[in-house]
Structures are given as C-alpha cells and as structure tokens.
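Participant: sequence isn't available, so here's the structure alone:
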C-alpha cells in the first residue's frame, strides 16, 4: 500500500518546477487536470484507467486505509530517490490533498 501511495505522486514529483504553479487554479482543477492527469486517473470513475499503467488511480489511493491528509501532505513535501525534485506550494498541496480525499465519498 505504501508503494501505491509513493507511485501516485511520481508525476507530481517529476514535473519541472513551476509547472504546477502555472497549471493551478482556484479550485485546484488546473493542477489536477494539467499535471496529475497526464499519468493518473484523477476522478472517481470506477472504470477509468491511468494513462501510465504504473500510476495508481487517485480513487484507489484515496480509499487506502493508510491514506490520510497528513500522509499525502508529507509525501508531497518530501523528496524521493526515484523522482526529480518538484516543488508545490502549500496551497497546491492543500488542493491536491483535498481532491484525493474527496474521492473517498464517491
């Protein structure tokens, strides 16, 4: 399960700095659709497949018992051996976290 959470953020951590800032919008839709969706299935569609088969669907990550607000935020603020550095602002982290946790309800 930890591996799935780790994999979920591969793209987020691999994009060039500033990409998320330019893609984000007030609701976080720009960040999710412009950055995350290039690798991940980002909505609640139970039949959706991630564009990158190695990238877990956000709905699956949201439903993992180990996924919490804190675990997502810590993950997004940490560097990872297999990922290039990617810097998200606090607002972007909050929006991505809210989006993923919001998928639990669907």
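Facilitator: Thanks, I have the structure now. Predicted, not measured: the structure shown is a model, and the values here were computed from it. Numbering: from 1, shown residues only.
Participant: need the longest helix for the chain.
Facilitator: Across the chain, the longest stretch assigned as helix under DSSP state H is helix 90-102.
Participant: give me the buried positions along that one.
Facilitator: Residues of helix 90-102 classed as buried by neighbour count (16 or more other Cβ atoms under 10 Å): 92, 93, 94, 95, 96, 97, 99, 100, 101. Every residue, glycine included, has its C-beta placed from N, CA and C.
Participant: quick one: average pLDDT of it?
Facilitator: Averaged across helix 90-102, pLDDT comes to 93.
Participant: by contact count, what packs against it?
Facilitator: When contacts are defined as 3 or more Cβ pairs under 8 Å, 6 or more residues apart in numbering; DSSP states H and E, helix 90-102 packs onto helix 29-34, helix 58-62, helix 69-77.
Participant: quick check: which of those is buried the most?
Facilitator: Greatest average neighbour count among those goes to helix 58-62 (a mean of 21), per mean count of other Cβ atoms under 10 Å.
Participant: residues in contact with that helix?
Facilitator: 4-5, 8, 36, 40-46, 48, 67, 99-104, 106 (Cβ atoms under 8 Å, 6 or more residues apart in numbering).
Participant: where does the protein dip in pLDDT?
Facilitator: For the chain, the stretches with pLDDT under 70 are 1-28, 80-86, 106.
Participant: mind listing what residue 69 touches?
Facilitator: 97, 101.
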